[in-house]
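1. With the sequence up front, the predicted model follows.
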Amino acid sequence: MQALGGSQQRGMALVLSLIFLAIITILSLSSMQGAITQDRMAANQRDYTVAFQAAEAALRSAENQLQNGMAVSNGWRTHQLNIDELSRSPRYRVQPMAALGSRPNNAGVELVEMLYRIEAQGFGLGEDTSVTLEALYVRQQPVEAQ
């Protein structure tokens, strides 16, 4: 005696199930790899943003110090930040470029406009993440007697 329609299948359901399982596994692995790649890109972007903000903070600190009459030296100075996500503290240096001109102020004191170049370097959490910013700053200061 033969069962109706049963003799034709001979394990086809098992084969189809294994094929569907393989397809779903490949799709799952592909989407996981895409998610991992996006996670790495987001982490790198965040690291770059932290380094950029650290460099910007160092640049603003140098500008404030120049505005308040800081003595200029060509060496790097460290700017202290309380951020745990930095591999090291940002730094900056100020270099005098040129005198742009002079004029007397309202009190009759001769002022010279000096152009300075400020370089700031910020670092992220990764050792190889760094951002360098540069700005030009003009400061009026009394002419030094010679």
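-> Structure's in. What do you need? Given the structure is predicted, the values throughout are model-derived calculations rather than measurements. Residues are numbered from 1 along each chain as shown.

2. gap between the residue positioned nearest the centre of the chain and residue 115?
-> In the chain, the residue lying closest to the centroid (CA atoms, centre = their mean) is residue 48, at 2.5 Å. Note on residue 48: its distance to residue 115, by CB to CB, to the nearest Å, is 30 Å. To be clear about C-beta, it is placed using only N, CA and C from the backbone, and glycine gets the same treatment.

3. circling back: got the contact list for the residue nearest to the centre of the chain?
-> When contacts are counted by CB atoms under 8 Å, 6 or more residues apart in numbering, residue 48 touches 124, 129, 131.

4. can you map out the helices along the protein?
-> Shown for the chain, the helices assigned by DSSP state H span residues 12-67.

5. Point out where the chain drops to low pLDDT.
-> Residue ranges of the chain with pLDDT under 70: 1-10, 144-146.

6. Who's the closest spatial neighbour of residue 67, skipping the chain neighbours?
-> Ranked by CB to CB, 6 or more residues apart in numbering and with sequence neighbours excluded, the top spatial neighbour of residue 67 is residue 139, at 7.0 Å.
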